[in-house]
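# Quick one: sequence plus predicted model below, questions after.
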Amino acid sequence: MKTITRFMASALLALAGSGALLAQDVIYRINPSDTIPCKIVEIGEELVKYKADTYSQDLTFTVDKNKITRIVFGNGKEITFADSMFGKENYETQRKDAIKLSFLSPLLGATLLSYEHSVKPGQSMEFGLGIIGAGRDENDTNPFGAVAKFGYKFITSPDWYDRRQRYAHILKGSYIKPEVTFLHYKSDYYWVDYIGSNDTYKIVKDKTVTTMFSVMLVGGKQWVFNDLFLVDLFAGVGYGFGHNPRNESWHYGFLGAENDTPLTLTAGIKIGFLLGKK
């Protein structure tokens, strides 16, 4: 009887041991098919340490947390990880919205404001609205109308890798931005009406309506200071078309798109303030 009891106890211990071996921790790397069955030893600030059954238990291996998506422990509990560069939680204390003014636009006949919102690290959307005529009217043409812009910004990331690398600010950095612009405005223009002979004439004032659309690729760099103030320096090139009866080259939102070429250009500087809670 004692022999049977000892045999059953040994069998139960062996079964428990085999169950413990089966209930391994599993590390899931960025590639979903790349997993590491192991025993987690330590989860540090930058590295995860583990032991593998296929090697001596005296050996401890490490893996960069930026190369891991999650760890499933033998008891079924799970921890997920985000890349230090692109994980949203790494920027939770930063403001992610900004309101900006095209600094020189009032001197060119319009006042243009834009709103930028961070979609995720490395990407943001920017909406712009402006009043044509709310600015200096150097040629006395009394322009009045509106301009609307939309762009999607791709902020460049470093071209070298460091496991601790991250954006200094979620809205800061060099960028490329595809942008579309739509504008519509009325303005005065003057022409000479000769009466009878070249010696008799009068100046006639008339109105013209201009409607233009452009698609541009804008590049620039944005600096953020103290999570409060920003400066955005930009330039872009693209194509434009629309109703341009006076064959004008300046459209209060971009330059170009005359009758002989669709080429459009833009450049400027924006200043602004960041919004939201820290």
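Good, I have the coordinates.
# which residue sits closest to K96 in space, ignoring its chain neighbours?
S118 (4.0 Å; CB to CB, 6 or more residues apart in numbering). For every residue, glycine as well, the C-beta is placed using N, CA and C.
# List the contacts of that neighbour.
S118 is in contact with Y91, K96, D97, S124, I170, L171, counting by CB atoms under 8 Å, 6 or more residues apart in numbering.
# I68: how many residues sit nearby?
Number of residues near I68 (other CB atoms under 10 Å) recorded here: 21.
# what residue lies at the spatial centre of the chain?
Centroid-nearest residue in the chain: Q123, 1.8 Å away (criterion: CA atoms, centre = their mean).
# That one and F234: what is the separation?
Distance, Q123 to F234, using CB to CB, to the nearest Å: 17 Å.
# G242 too?
Taking CB to CB as the measure, G242 falls 22 Å from F234.
# Between these two, tell me which one has more neighbours.
Neighbour tally, G242 and F234, criterion other CB under 10 Å: the higher count belongs to F234, 19 against 15.
# I figured that one hits L265, correct?
No - between F234 and L265 there is no contact under CB atoms under 8 Å: 11.6 Å.
# who's in contact with L129?
By CB under 8 Å, 6+ apart, the residues touching L129 are L112, L113, S114, A146, V147, A148, K149.
# V231: which element?
strand 229-243 (DSSP states H and E).
# partners of the closest residue to T69 other than its chain neighbours in the sheet?
The shortest distance from T69 to any non-neighbouring residue, by CB to CB, 6+ apart, is to Y28 (5.1 Å). On the basis of DSSP bridges, Y28 is bridged to T35, R70.
# just the contacts of S118 now: which is nearest E179?
Nearest to E179 among those: S124, at 12.5 Å, using CB to CB.
# from what I can see the closest one touches K100, true?
No - the pair S124 / K100 is not scored as a contact, 11.8 Å apart, by CB under 8 Å.
# so what pLDDT did K67 get?
On pLDDT, K67 comes in at 83.
# Provide the backbone phi and psi angles at it.
Torsion angles at K67 (phi, psi; degrees, to the nearest 10) stand at phi -100, psi 10.
# Inside strands: which ones of the contacts of S118?
D97, S124 (DSSP state E).
# From the contacts of S118, list the buried ones, please.
Buried by 16 or more other CB atoms under 10 Å: Y91, K96, S124, I170, L171, out of those.
# Distance to R70 for those - can I get that in JSON lines?
Compiled in JSON lines, these are given as follows (distance: CB to CB, whole Å):
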{"residue": "Y91", "distance to R70": "21"}
{"residue": "K96", "distance to R70": "26"}
{"residue": "S124", "distance to R70": "27"}
{"residue": "I170", "distance to R70": "24"}
{"residue": "L171", "distance to R70": "29"}
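# nearest to H251, of the residues you listed?
Once CB to CB is applied, the member of the buried ones among the contacts of S118 that ends up nearest H251 is S124, at 25.5 Å.
# Quick one: the helices in this protein, in order.
Secondary structure of the chain (DSSP state H): helices located at 2-22.
# burial of T261, as a residue count?
For T261, the neighbour count with other CB under 10 Å is 11.
# what sits opposite it in the beta ladder?
Under DSSP bridges, the beta-bridge partners of T261 are E258.
# what separates it from K39, distance-wise?
Counting by CB to CB, the gap from T261 to K39 is 68 Å.
# repeat for F273
From F273 to K39 the distance is 51 Å (CB to CB).
# And these two? Which one has more around it.
Counting neighbours by other CB under 10 Å for F273 and for K39 shows that K39 has the greater number, 17 against 13.
# This completes my enquiry, with thanks.
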